[in-house]
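Visitor: build me a structure from this.
(one chain, ligands or ions: 1)
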Amino acid sequence: MDNKFQVTVIGGGPAGYVCAIRLSQLGLKTACIESRGTLGGTCLNIGCIPSKSLLNLSEEFYKAKNLSKLGIDTGEVKLNLEKMMKNKNKSVDVLTKGVEFLLKKNKITYFKGTGSFKSKNQISVKTKDSNILIESEKTIICTGSEPVSLPGVKIDEKQILSSTGALSISSVPKKMLIVGAGYIGLEMGSVWSRLGSEVHVVEFLDHILPGMDKEISQEFMKILNKQGISFHLNTKVNSINKTKSGILTNTTNDKGKGSKIESDVVLISVGRKPYTKDLNLDKIGVQLDKKGKIKVNKNFETNIKNIFAIGDVIEGPMLAHKAEEEGIAVAELIAGQSGHVNYEVIPGVVYTSPEVACVGKTEEQLKEINYSYKVGKFPFMANSRAKAIDVTEGFVKILTDSKTDRVLGAHIIGQHAGEMIAEISLAMEFGASSEDIARTCHAHPTFSEAIKEAALSVDKRTIHS
Ligand code: FAD
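Guide: Below is the predicted model of the structure:
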(Lines give C-alpha, C1' and ligand atoms only; values in the text may rest on other atoms or scores of the structure.)
Protein backbone atom coordinates (compact mmCIF):
# COMPACT_ATOMS: atom_id res chain seq x y z
CA MET A 1 0.00 0.00 0.00
CA ASP A 2 1.16 3.55 -0.70
CA ASN A 3 1.36 5.13 2.74
CA LYS A 4 1.91 8.70 1.61
CA PHE A 5 -0.94 11.10 2.28
CA GLN A 6 -1.64 14.78 1.83
CA VAL A 7 -3.43 14.87 5.17
CA THR A 8 -3.59 12.43 8.09
CA VAL A 9 -6.15 12.71 10.83
CA ILE A 10 -5.22 11.11 14.17
CA GLY A 11 -8.41 10.12 16.05
CA GLY A 12 -11.69 8.95 14.53
CA GLY A 13 -14.13 10.82 16.78
CA PRO A 14 -16.55 13.57 15.64
CA ALA A 15 -13.63 15.93 15.07
CA GLY A 16 -11.52 13.40 13.16
CA TYR A 17 -13.96 11.48 11.02
CA VAL A 18 -15.94 14.57 9.97
CA CYS A 19 -12.70 16.35 9.11
CA ALA A 20 -11.47 13.33 7.10
CA ILE A 21 -14.71 13.20 5.10
CA ARG A 22 -14.57 16.92 4.31
CA LEU A 23 -10.88 16.68 3.32
CA SER A 24 -11.68 13.86 0.97
CA GLN A 25 -14.65 15.78 -0.50
CA LEU A 26 -12.19 18.59 -1.21
CA GLY A 27 -9.98 16.20 -3.18
CA LEU A 28 -7.19 15.59 -0.66
CA LYS A 29 -5.69 12.15 -0.19
CA THR A 30 -6.60 11.43 3.40
CA ALA A 31 -5.85 8.86 6.11
CA CYS A 32 -7.58 8.44 9.46
CA ILE A 33 -5.93 6.61 12.37
CA GLU A 34 -8.08 5.36 15.24
CA SER A 35 -6.85 3.21 18.13
CA ARG A 36 -10.19 2.21 19.70
CA GLY A 37 -11.06 -0.49 17.17
CA THR A 38 -14.29 1.30 16.24
CA LEU A 39 -14.85 4.77 14.80
CA GLY A 40 -16.93 7.58 16.27
CA GLY A 41 -14.72 8.38 19.27
CA THR A 42 -15.99 9.09 22.75
CA CYS A 43 -19.24 10.43 21.29
CA LEU A 44 -20.46 7.30 19.55
CA ASN A 45 -18.80 4.66 21.74
CA ILE A 46 -18.93 5.90 25.33
CA GLY A 47 -20.53 9.35 25.25
CA CYS A 48 -23.40 11.09 23.46
CA ILE A 49 -24.94 8.05 21.80
CA PRO A 50 -24.99 5.39 24.54
CA SER A 51 -26.03 8.02 27.10
CA LYS A 52 -28.90 9.26 24.91
CA SER A 53 -29.94 5.69 24.23
CA LEU A 54 -30.11 4.94 27.98
CA LEU A 55 -31.86 8.27 28.65
CA ASN A 56 -34.52 7.32 26.13
CA LEU A 57 -34.90 3.71 27.29
CA SER A 58 -35.06 4.66 30.98
CA GLU A 59 -37.62 7.36 30.19
CA GLU A 60 -39.76 4.83 28.31
CA PHE A 61 -39.57 2.54 31.35
CA TYR A 62 -40.52 5.37 33.69
CA LYS A 63 -43.41 6.42 31.43
CA ALA A 64 -44.63 2.82 31.03
CA LYS A 65 -44.77 2.45 34.81
CA ASN A 66 -46.95 5.54 35.02
CA LEU A 67 -49.28 4.81 32.10
CA SER A 68 -52.22 3.87 34.33
CA LYS A 69 -52.38 7.53 35.45
CA LEU A 70 -53.23 8.39 31.83
CA GLY A 71 -55.98 5.79 31.64
CA ILE A 72 -53.88 3.08 30.02
CA ASP A 73 -53.85 -0.06 32.11
CA THR A 74 -51.01 -2.50 31.52
CA GLY A 75 -49.75 -5.56 33.30
CA GLU A 76 -46.80 -5.19 35.66
CA VAL A 77 -43.99 -3.24 33.99
CA LYS A 78 -40.64 -4.88 34.72
CA LEU A 79 -37.11 -3.85 33.95
CA ASN A 80 -34.88 -6.16 31.90
CA LEU A 81 -31.59 -4.30 32.32
CA GLU A 82 -29.57 -6.80 30.31
CA LYS A 83 -31.85 -6.34 27.30
CA MET A 84 -31.84 -2.58 27.76
CA MET A 85 -28.03 -2.58 27.69
CA LYS A 86 -28.10 -4.77 24.57
CA ASN A 87 -30.36 -2.22 22.89
CA LYS A 88 -27.97 0.56 23.86
CA ASN A 89 -25.03 -1.44 22.49
CA LYS A 90 -26.95 -2.05 19.25
CA SER A 91 -27.38 1.71 18.73
CA VAL A 92 -23.63 2.19 19.25
CA ASP A 93 -22.80 -0.68 16.92
CA VAL A 94 -25.02 0.56 14.09
CA LEU A 95 -23.64 4.07 14.27
CA THR A 96 -19.94 3.20 14.57
CA LYS A 97 -20.27 0.81 11.60
CA GLY A 98 -22.06 3.60 9.75
CA VAL A 99 -19.03 5.86 10.19
CA GLU A 100 -16.74 3.11 8.90
CA PHE A 101 -18.98 2.86 5.82
CA LEU A 102 -18.75 6.65 5.34
CA LEU A 103 -14.93 6.55 5.44
CA LYS A 104 -14.95 3.79 2.84
CA LYS A 105 -17.46 5.64 0.68
CA ASN A 106 -15.24 8.71 0.76
CA LYS A 107 -12.12 6.66 -0.09
CA ILE A 108 -10.35 7.51 3.15
CA THR A 109 -7.66 5.06 4.25
CA TYR A 110 -8.53 3.88 7.76
CA PHE A 111 -5.73 2.60 9.98
CA LYS A 112 -6.86 0.66 13.07
CA GLY A 113 -4.07 1.46 15.49
CA THR A 114 -2.35 4.02 17.69
CA GLY A 115 -0.63 6.90 15.95
CA SER A 116 2.50 8.58 17.25
CA PHE A 117 4.85 11.07 15.66
CA LYS A 118 8.24 9.87 14.48
CA SER A 119 8.90 13.28 12.97
CA LYS A 120 6.82 16.22 11.75
CA ASN A 121 5.86 14.34 8.59
CA GLN A 122 6.08 10.74 9.74
CA ILE A 123 3.59 8.93 11.91
CA SER A 124 4.02 5.42 13.13
CA VAL A 125 0.84 3.39 13.54
CA LYS A 126 0.98 0.54 16.03
CA THR A 127 -1.68 -1.96 15.02
CA LYS A 128 -2.50 -5.31 16.68
CA ASP A 129 0.25 -7.12 14.87
CA SER A 130 2.48 -4.62 13.09
CA ASN A 131 3.97 -1.16 12.91
CA ILE A 132 3.14 0.90 9.85
CA LEU A 133 4.94 4.09 8.86
CA ILE A 134 2.87 6.81 7.26
CA GLU A 135 4.16 9.93 5.55
CA SER A 136 1.91 12.92 5.61
CA GLU A 137 2.27 16.50 4.39
CA LYS A 138 -0.15 17.75 7.02
CA THR A 139 -1.51 16.15 10.20
CA ILE A 140 -4.56 16.99 12.26
CA ILE A 141 -4.58 15.86 15.89
CA CYS A 142 -8.09 14.90 17.03
CA THR A 143 -7.31 12.61 19.95
CA GLY A 144 -10.11 13.91 22.18
CA SER A 145 -10.35 13.68 25.94
CA GLU A 146 -10.65 11.32 28.90
CA PRO A 147 -12.42 11.62 32.27
CA VAL A 148 -10.61 13.12 35.25
CA SER A 149 -10.86 11.75 38.75
CA LEU A 150 -10.40 13.37 42.16
CA PRO A 151 -6.95 13.40 43.77
CA GLY A 152 -6.23 10.02 45.36
CA VAL A 153 -9.41 8.40 43.97
CA LYS A 154 -8.88 5.49 41.60
CA ILE A 155 -11.70 4.78 39.15
CA ASP A 156 -12.24 0.99 38.91
CA GLU A 157 -15.40 1.21 36.72
CA LYS A 158 -17.12 -1.27 39.08
CA GLN A 159 -17.90 0.71 42.23
CA ILE A 160 -16.06 3.94 41.55
CA LEU A 161 -17.17 4.91 38.07
CA SER A 162 -16.47 7.39 35.33
CA SER A 163 -19.23 8.05 32.78
CA THR A 164 -17.93 5.01 30.86
CA GLY A 165 -18.69 2.66 33.76
CA ALA A 166 -22.00 4.40 34.48
CA LEU A 167 -23.14 3.44 30.96
CA SER A 168 -22.69 -0.27 31.62
CA ILE A 169 -23.77 -1.06 35.19
CA SER A 170 -25.06 -4.65 35.29
CA SER A 171 -27.63 -4.32 38.08
CA VAL A 172 -29.45 -1.23 39.34
CA PRO A 173 -27.51 0.15 42.34
CA LYS A 174 -29.64 0.82 45.41
CA LYS A 175 -27.89 4.09 46.04
CA MET A 176 -25.68 6.10 43.68
CA LEU A 177 -23.60 9.10 44.66
CA ILE A 178 -22.61 11.46 41.88
CA VAL A 179 -19.74 13.87 42.32
CA GLY A 180 -20.23 16.90 40.05
CA ALA A 181 -23.52 18.39 38.84
CA GLY A 182 -22.50 19.00 35.23
CA TYR A 183 -24.49 17.67 32.28
CA ILE A 184 -22.89 14.20 32.28
CA GLY A 185 -23.55 13.66 36.01
CA LEU A 186 -27.15 14.85 35.74
CA GLU A 187 -27.91 12.80 32.63
CA MET A 188 -26.51 9.63 34.21
CA GLY A 189 -28.24 10.47 37.50
CA SER A 190 -31.56 10.74 35.65
CA VAL A 191 -31.03 7.37 33.96
CA TRP A 192 -30.31 5.48 37.18
CA SER A 193 -32.92 7.34 39.20
CA ARG A 194 -35.61 6.35 36.67
CA LEU A 195 -34.40 2.77 36.79
CA GLY A 196 -34.79 2.72 40.58
CA SER A 197 -31.60 4.02 42.24
CA GLU A 198 -31.64 6.54 45.06
CA VAL A 199 -29.46 9.27 43.55
CA HIS A 200 -27.50 11.92 45.46
CA VAL A 201 -25.43 14.60 43.77
CA VAL A 202 -22.59 16.45 45.51
CA GLU A 203 -21.59 19.77 43.93
CA PHE A 204 -18.82 22.10 45.06
CA LEU A 205 -20.57 25.22 43.69
CA ASP A 206 -23.83 26.77 44.94
CA HIS A 207 -25.73 25.74 41.80
CA ILE A 208 -25.96 22.89 39.30
CA LEU A 209 -24.93 23.01 35.62
CA PRO A 210 -22.02 25.43 36.02
CA GLY A 211 -21.91 27.96 33.18
CA MET A 212 -25.63 27.74 32.34
CA ASP A 213 -28.01 30.63 32.92
CA LYS A 214 -28.68 30.61 36.68
CA GLU A 215 -32.45 31.01 36.41
CA ILE A 216 -32.53 27.87 34.28
CA SER A 217 -30.25 25.91 36.58
CA GLN A 218 -32.38 26.85 39.62
CA GLU A 219 -35.58 25.73 37.88
CA PHE A 220 -33.85 22.56 36.70
CA MET A 221 -32.72 21.67 40.20
CA LYS A 222 -36.27 22.11 41.54
CA ILE A 223 -37.59 19.76 38.85
CA LEU A 224 -34.89 17.12 39.41
CA ASN A 225 -35.55 17.35 43.14
CA LYS A 226 -39.22 16.61 42.51
CA GLN A 227 -38.10 13.61 40.47
CA GLY A 228 -36.33 12.28 43.57
CA ILE A 229 -32.70 13.34 43.00
CA SER A 230 -31.09 14.89 46.12
CA PHE A 231 -28.50 17.65 45.90
CA HIS A 232 -25.71 18.58 48.29
CA LEU A 233 -24.52 21.99 47.05
CA ASN A 234 -21.54 24.00 48.36
CA THR A 235 -20.07 20.65 49.33
CA LYS A 236 -16.58 19.33 48.84
CA VAL A 237 -15.63 15.67 48.65
CA ASN A 238 -12.65 14.93 50.92
CA SER A 239 -12.26 11.22 50.37
CA ILE A 240 -13.92 8.22 48.78
CA ASN A 241 -13.14 4.81 50.26
CA LYS A 242 -14.34 1.29 49.65
CA THR A 243 -15.88 -0.47 52.66
CA LYS A 244 -17.20 -4.01 53.16
CA SER A 245 -20.71 -2.90 52.25
CA GLY A 246 -20.00 -0.36 49.50
CA ILE A 247 -18.45 3.08 49.30
CA LEU A 248 -18.04 5.72 51.98
CA THR A 249 -17.67 9.32 50.84
CA ASN A 250 -16.55 12.02 53.26
CA THR A 251 -17.71 15.53 52.50
CA THR A 252 -17.55 19.00 54.06
CA ASN A 253 -19.96 21.82 53.27
CA ASP A 254 -19.18 25.55 53.11
CA LYS A 255 -20.12 25.93 56.78
CA GLY A 256 -17.48 23.38 57.73
CA LYS A 257 -20.02 20.66 58.54
CA GLY A 258 -18.73 17.19 57.67
CA SER A 259 -20.92 14.31 56.42
CA LYS A 260 -20.39 10.70 55.53
CA ILE A 261 -22.45 9.40 52.63
CA GLU A 262 -22.73 5.65 52.06
CA SER A 263 -23.59 4.37 48.61
CA ASP A 264 -23.25 1.29 46.43
CA VAL A 265 -21.50 3.13 43.63
CA VAL A 266 -19.98 6.56 43.10
CA LEU A 267 -19.88 8.28 39.73
CA ILE A 268 -17.09 10.83 39.41
CA SER A 269 -18.19 13.38 36.82
CA VAL A 270 -15.99 16.37 37.54
CA GLY A 271 -14.82 16.99 34.00
CA ARG A 272 -12.60 15.70 31.25
CA LYS A 273 -9.02 16.38 30.22
CA PRO A 274 -7.37 16.37 26.81
CA TYR A 275 -5.85 13.08 25.69
CA THR A 276 -2.44 13.34 24.01
CA LYS A 277 -0.54 10.56 25.78
CA ASP A 278 0.43 8.32 22.89
CA LEU A 279 1.27 10.99 20.33
CA ASN A 280 4.93 11.57 21.21
CA LEU A 281 4.33 15.33 20.96
CA ASP A 282 7.61 16.14 22.76
CA LYS A 283 9.47 14.65 19.84
CA ILE A 284 8.17 17.29 17.45
CA GLY A 285 7.78 20.11 20.02
CA VAL A 286 4.02 20.74 19.90
CA GLN A 287 3.13 23.15 22.72
CA LEU A 288 0.41 22.50 25.29
CA ASP A 289 -1.25 25.00 27.63
CA LYS A 290 -1.39 24.66 31.43
CA LYS A 291 -4.43 22.40 31.21
CA GLY A 292 -2.67 20.07 28.77
CA LYS A 293 -4.70 21.30 25.79
CA ILE A 294 -2.91 21.71 22.48
CA LYS A 295 -2.35 25.39 21.71
CA VAL A 296 -3.55 26.45 18.26
CA ASN A 297 -3.92 29.71 16.33
CA LYS A 298 -7.17 30.88 14.73
CA ASN A 299 -6.56 28.50 11.83
CA PHE A 300 -6.19 25.54 14.21
CA GLU A 301 -2.47 25.29 13.49
CA THR A 302 -0.13 24.40 16.37
CA ASN A 303 3.23 26.08 16.90
CA ILE A 304 4.60 23.47 14.46
CA LYS A 305 3.84 24.24 10.82
CA ASN A 306 1.48 21.77 9.11
CA ILE A 307 0.42 20.18 12.42
CA PHE A 308 -3.14 21.13 13.38
CA ALA A 309 -5.43 20.21 16.28
CA ILE A 310 -9.22 20.33 16.80
CA GLY A 311 -12.00 19.01 19.04
CA ASP A 312 -11.78 18.20 22.75
CA VAL A 313 -7.99 18.29 22.62
CA ILE A 314 -8.01 22.12 22.15
CA GLU A 315 -9.66 25.00 24.03
CA GLY A 316 -13.46 25.43 23.99
CA PRO A 317 -16.55 23.51 25.04
CA MET A 318 -16.05 19.74 24.96
CA LEU A 319 -18.99 19.04 22.67
CA ALA A 320 -19.31 16.78 19.66
CA HIS A 321 -20.88 19.43 17.40
CA LYS A 322 -18.15 21.94 18.26
CA ALA A 323 -15.59 19.27 17.32
CA GLU A 324 -17.43 18.59 14.04
CA GLU A 325 -17.59 22.28 13.10
CA GLU A 326 -13.84 22.57 13.71
CA GLY A 327 -13.32 19.46 11.56
CA ILE A 328 -15.07 21.09 8.62
CA ALA A 329 -13.40 24.45 9.16
CA VAL A 330 -9.82 23.13 9.32
CA ALA A 331 -10.37 20.91 6.26
CA GLU A 332 -11.61 23.91 4.28
CA LEU A 333 -8.74 26.09 5.49
CA ILE A 334 -6.22 23.43 4.46
CA ALA A 335 -7.88 23.26 1.04
CA GLY A 336 -7.45 27.03 0.66
CA GLN A 337 -11.02 27.95 1.49
CA SER A 338 -12.18 30.21 4.31
CA GLY A 339 -13.60 27.81 6.90
CA HIS A 340 -14.55 29.24 10.27
CA VAL A 341 -16.40 28.40 13.48
CA ASN A 342 -18.72 30.89 15.17
CA TYR A 343 -17.99 30.20 18.83
CA GLU A 344 -20.74 32.65 19.84
CA VAL A 345 -23.34 30.22 18.54
CA ILE A 346 -22.52 26.77 19.93
CA PRO A 347 -25.66 25.31 21.48
CA GLY A 348 -25.52 23.14 24.59
CA VAL A 349 -28.17 20.57 25.52
CA VAL A 350 -28.83 18.43 28.59
CA TYR A 351 -30.95 15.48 27.48
CA THR A 352 -32.85 14.92 30.70
CA SER A 353 -36.60 15.19 31.07
CA PRO A 354 -37.35 18.02 30.69
CA GLU A 355 -34.43 18.93 28.45
CA VAL A 356 -32.30 21.99 29.02
CA ALA A 357 -30.84 23.87 26.08
CA CYS A 358 -28.90 27.07 25.66
CA VAL A 359 -27.11 29.12 23.06
CA GLY A 360 -25.24 32.41 23.26
CA LYS A 361 -24.86 34.62 26.30
CA THR A 362 -26.31 33.97 29.74
CA GLU A 363 -27.84 36.77 31.79
CA GLU A 364 -24.89 36.51 34.20
CA GLN A 365 -22.39 37.01 31.37
CA LEU A 366 -24.24 40.10 30.10
CA LYS A 367 -24.38 41.58 33.61
CA GLU A 368 -20.68 40.97 34.09
CA ILE A 369 -19.80 43.04 31.02
CA ASN A 370 -22.44 45.70 31.82
CA TYR A 371 -24.25 45.02 28.56
CA SER A 372 -27.63 46.67 28.17
CA TYR A 373 -30.10 43.85 27.43
CA LYS A 374 -33.77 42.94 27.51
CA VAL A 375 -35.35 39.67 28.61
CA GLY A 376 -38.35 37.93 27.06
CA LYS A 377 -39.82 34.92 28.84
CA PHE A 378 -42.66 32.53 28.26
CA PRO A 379 -43.72 29.54 30.41
CA PHE A 380 -44.77 26.21 28.90
CA MET A 381 -47.63 26.33 31.40
CA ALA A 382 -49.26 28.78 28.95
CA ASN A 383 -48.39 26.82 25.79
CA SER A 384 -51.35 24.95 24.34
CA ARG A 385 -49.44 21.87 23.13
CA ALA A 386 -47.69 21.50 26.48
CA LYS A 387 -51.04 21.79 28.25
CA ALA A 388 -52.73 19.36 25.86
CA ILE A 389 -50.25 16.63 26.73
CA ASP A 390 -49.71 17.78 30.32
CA VAL A 391 -45.97 18.44 30.07
CA THR A 392 -45.92 22.01 31.27
CA GLU A 393 -42.65 22.33 33.19
CA GLY A 394 -40.15 25.00 32.20
CA PHE A 395 -39.94 28.14 30.11
CA VAL A 396 -38.19 29.88 27.22
CA LYS A 397 -35.98 32.87 27.95
CA ILE A 398 -34.58 35.09 25.21
CA LEU A 399 -31.96 37.79 25.78
CA THR A 400 -31.66 40.66 23.31
CA ASP A 401 -29.64 43.82 22.82
CA SER A 402 -31.75 46.60 24.32
CA LYS A 403 -30.85 49.04 21.53
CA THR A 404 -30.80 46.90 18.38
CA ASP A 405 -33.06 44.02 19.53
CA ARG A 406 -30.50 41.51 18.16
CA VAL A 407 -30.79 38.12 19.87
CA LEU A 408 -27.81 37.57 22.20
CA GLY A 409 -28.76 34.25 23.71
CA ALA A 410 -31.59 31.91 24.59
CA HIS A 411 -32.17 29.41 27.34
CA ILE A 412 -34.91 26.81 27.32
CA ILE A 413 -35.98 24.27 29.89
CA GLY A 414 -38.81 22.04 28.76
CA GLN A 415 -39.88 19.18 26.53
CA HIS A 416 -37.98 19.18 23.18
CA ALA A 417 -35.73 22.08 24.28
CA GLY A 418 -32.80 20.38 22.55
CA GLU A 419 -34.60 20.46 19.20
CA MET A 420 -36.08 23.92 19.65
CA ILE A 421 -32.76 25.62 20.37
CA ALA A 422 -31.82 25.13 16.67
CA GLU A 423 -34.33 27.84 15.73
CA ILE A 424 -32.54 30.34 17.94
CA SER A 425 -29.09 29.22 16.75
CA LEU A 426 -30.18 29.84 13.16
CA ALA A 427 -31.67 33.21 14.13
CA MET A 428 -28.41 34.20 15.81
CA GLU A 429 -26.32 33.09 12.81
CA PHE A 430 -28.45 35.40 10.66
CA GLY A 431 -28.18 38.24 13.18
CA ALA A 432 -31.96 38.13 13.75
CA SER A 433 -33.83 40.30 16.22
CA SER A 434 -36.56 39.17 18.60
CA GLU A 435 -38.93 41.06 16.30
CA ASP A 436 -37.86 38.72 13.44
CA ILE A 437 -38.71 35.67 15.54
CA ALA A 438 -41.94 37.21 16.79
CA ARG A 439 -43.10 37.92 13.23
CA THR A 440 -42.33 34.38 12.02
CA CYS A 441 -45.39 32.17 11.77
CA HIS A 442 -45.00 29.15 14.07
CA ALA A 443 -47.27 26.11 13.65
CA HIS A 444 -50.03 25.60 16.18
CA PRO A 445 -50.14 23.77 18.51
CA THR A 446 -46.39 23.32 18.96
CA PHE A 447 -43.89 23.79 21.74
CA SER A 448 -42.02 26.17 19.44
CA GLU A 449 -44.84 28.70 19.80
CA ALA A 450 -43.31 29.36 23.23
CA ILE A 451 -40.24 30.72 21.42
CA LYS A 452 -42.40 33.12 19.42
CA GLU A 453 -44.18 34.19 22.60
CA ALA A 454 -40.87 34.68 24.46
CA ALA A 455 -39.76 36.88 21.54
CA LEU A 456 -43.03 38.84 21.82
CA SER A 457 -42.43 39.12 25.55
CA VAL A 458 -39.20 41.08 24.95
CA ASP A 459 -41.49 44.04 24.18
CA LYS A 460 -44.18 42.95 26.62
CA ARG A 461 -46.71 41.90 24.02
CA THR A 462 -47.24 38.20 24.63
CA ILE A 463 -50.65 36.99 23.58
CA HIS A 464 -51.14 33.90 25.71
CA SER A 465 -49.95 34.99 29.14
P1 FAD B 1 -13.16 11.93 20.84
O2 FAD B 1 -14.57 11.69 20.52
O3 FAD B 1 -12.70 11.66 22.23
O4 FAD B 1 -12.32 11.06 19.80
C5 FAD B 1 -10.95 10.95 19.88
C6 FAD B 1 -10.55 9.59 19.36
O7 FAD B 1 -9.14 9.57 19.20
C8 FAD B 1 -10.88 8.45 20.30
O9 FAD B 1 -11.71 7.51 19.68
C10 FAD B 1 -9.53 7.84 20.67
O11 FAD B 1 -9.58 6.43 20.74
C12 FAD B 1 -8.67 8.27 19.49
N13 FAD B 1 -7.24 8.37 19.81
C14 FAD B 1 -6.66 8.96 20.88
N15 FAD B 1 -5.32 8.91 20.78
C16 FAD B 1 -5.05 8.26 19.62
C17 FAD B 1 -3.86 7.92 18.94
N18 FAD B 1 -2.67 8.25 19.42
N19 FAD B 1 -3.96 7.24 17.78
C20 FAD B 1 -5.17 6.91 17.25
N21 FAD B 1 -6.33 7.24 17.84
C22 FAD B 1 -6.27 7.91 19.00
N23 FAD B 1 -21.16 16.00 23.40
C24 FAD B 1 -22.25 16.51 22.80
O25 FAD B 1 -22.12 17.39 21.95
N26 FAD B 1 -23.52 16.07 23.10
C27 FAD B 1 -23.72 15.12 24.03
O28 FAD B 1 -24.87 14.74 24.28
C29 FAD B 1 -22.61 14.56 24.69
N30 FAD B 1 -22.77 13.59 25.60
C31 FAD B 1 -21.68 13.05 26.20
C32 FAD B 1 -21.89 12.06 27.14
C33 FAD B 1 -20.80 11.48 27.77
C34 FAD B 1 -21.03 10.41 28.79
C35 FAD B 1 -19.47 11.89 27.42
C36 FAD B 1 -18.28 11.25 28.06
C37 FAD B 1 -19.26 12.87 26.48
C38 FAD B 1 -20.37 13.47 25.87
N39 FAD B 1 -20.22 14.48 24.91
C40 FAD B 1 -21.32 15.04 24.34
C41 FAD B 1 -18.89 15.01 24.56
C42 FAD B 1 -18.41 14.43 23.22
O43 FAD B 1 -18.39 13.03 23.30
C44 FAD B 1 -17.02 14.96 22.89
O45 FAD B 1 -17.03 16.37 22.95
C46 FAD B 1 -16.60 14.53 21.49
O47 FAD B 1 -16.58 13.13 21.41
C48 FAD B 1 -15.23 15.10 21.16
O49 FAD B 1 -14.85 14.67 19.91
P50 FAD B 1 -13.32 14.48 19.50
O51 FAD B 1 -13.34 13.92 18.14
O52 FAD B 1 -12.59 15.73 19.77
O53 FAD B 1 -12.74 13.42 20.54
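Visitor: got the residues of the stretch 101-250 of the chain near the ligand?
Guide: Thr114, Gly115, Ser116, Cys142, Thr143, Gly144, Ser145, Ser163, Ile184 (CB under 6 Å from any ligand atom). Every C-beta, even on glycine, is put in place using the N, C-alpha and C of the backbone.
Visitor: all strands for the stretch 151-300 of the chain, in order.
Guide: Under the criterion DSSP state E, counting those that start in this stretch, the stretch 151-300 of the chain contains strands at 160-161, 175-179, 198-202, 230-232, 235-242, 247-253, 258-263, 265-268, 272-274.
Visitor: now tabulate these in CSV and tack on mean pLDDT.
Guide: Below are those laid out as CSV (pLDDT from 0 to 100):
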stretch, mean pLDDT
strand 160-161, 98
strand 175-179, 98
strand 198-202, 98
strand 230-232, 98
strand 235-242, 97
strand 247-253, 98
strand 258-263, 97
strand 265-268, 98
strand 272-274, 98
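Visitor: show me the contacts for Asp405.
Guide: Lys374, Ser433, Ser434, Glu435, Val458 (CB atoms under 8 Å, 6 or more residues apart in numbering).
Visitor: now do the contacts for the closest residue to it other than its chain neighbours.
Guide: Distance criterion CB to CB, 6 or more residues apart in numbering; nearest residue to Asp405, sequence neighbours excluded, is Ser433 at 3.8 Å. Residues in contact with Ser433 (CB under 8 Å, 6+ apart) are Thr400, Thr404, Asp405, Arg406, Val407.
Visitor: could you find the closest non-adjacent residue to the second one?
Guide: By that I understand Thr404. Per CB to CB, 6+ apart, closest to Thr404 is Ser433, 7.0 Å.
Visitor: again with the fourth one
Guide: Closest residue to Arg406 in three dimensions, ignoring its sequence neighbours and counting by CB to CB, 6+ apart: Ser433, at 5.6 Å.
Visitor: give me the pLDDT for the one you found.
Guide: At Ser433, the model reports a pLDDT of 98.
Visitor: look up how far Thr440 lies from it.
Guide: Using CB to CB, to the nearest Å, we find Ser433 at a distance of 11 Å from Thr440.
Visitor: hang on, the earlier thing: from the contacts of Asp405, which land in helices?
Guide: Residues from the contacts of Asp405 lying in helices, with DSSP state H as the criterion: Ser434, Glu435.
Visitor: hmm, which two among the contacts of Ser433 are most spread apart?
Guide: The most widely separated members of those, counting by CB to CB, are Thr404 and Val407 (9.9 Å).
Visitor: against which helices or strands is the longest helix along the chain packed?
Guide: If you go by DSSP H, the chain has its longest helix at helix 81-105. Under the contact definition 3 or more CB pairs under 8 Å, 6 or more residues apart in numbering; DSSP states H and E, helix 81-105 sits against helix 14-25, helix 41-46, helix 48-65, strand 109-112.
Visitor: list the contacts of that helix.
Guide: Contacts of helix 81-105 (CB under 8 Å, 6+ apart): 12, 17, 20-21, 32, 38-40, 44-45, 49-50, 53-54, 57-58, 61, 110, 167-168, 170-172, 195.
Visitor: who has more neighbours, Thr404 and Val407?
Guide: Val407 (29 against 10; other CB atoms under 10 Å).
Visitor: need the per-residue pLDDT for that one.
Guide: Looking at Val407, the pLDDT reads 98.
Visitor: that one: which element?
Guide: strand 407-414 (DSSP states H and E).
Visitor: may I see the buried residues of the helix or strand following that strand?
Guide: Later in the chain than strand 407-414, the nearest helix or strand by DSSP H and E is helix 417-429. Neighbour-count burial for helix 417-429, counted by 16 or more other CB atoms under 10 Å, picks out Ala417, Gly418, Met420, Ile421, Glu423, Ile424, Ser425, Ala427, Met428.
Visitor: quick one: which of the residues you listed is nearest Val265?
Guide: Using CB to CB, those come closest to Val265 at Gly418, 27.3 Å.
Visitor: stretch 310-326 spans what distance, first to last residue?
Guide: 6 Å (CA to CA, to the nearest Å).
Visitor: one step back: do you know which of the strands of the stretch 151-300 of the chain lies nearest Asp129?
Guide: Of those, nearest to Asp129 by CB to CB is strand 272-274, at 29.2 Å.
Visitor: partners of the closest one, with directions?
Guide: strand 145-147 (antiparallel) (DSSP bridges).
Visitor: what does the strand it pairs with rub up against?
Guide: 42, 155, 162-164, 268-269, 271-275, 312-313, 318.
Visitor: got a list of what Gly196 touches?
Guide: Contacts of Gly196 (CB under 8 Å, 6+ apart): Leu79, Val172.
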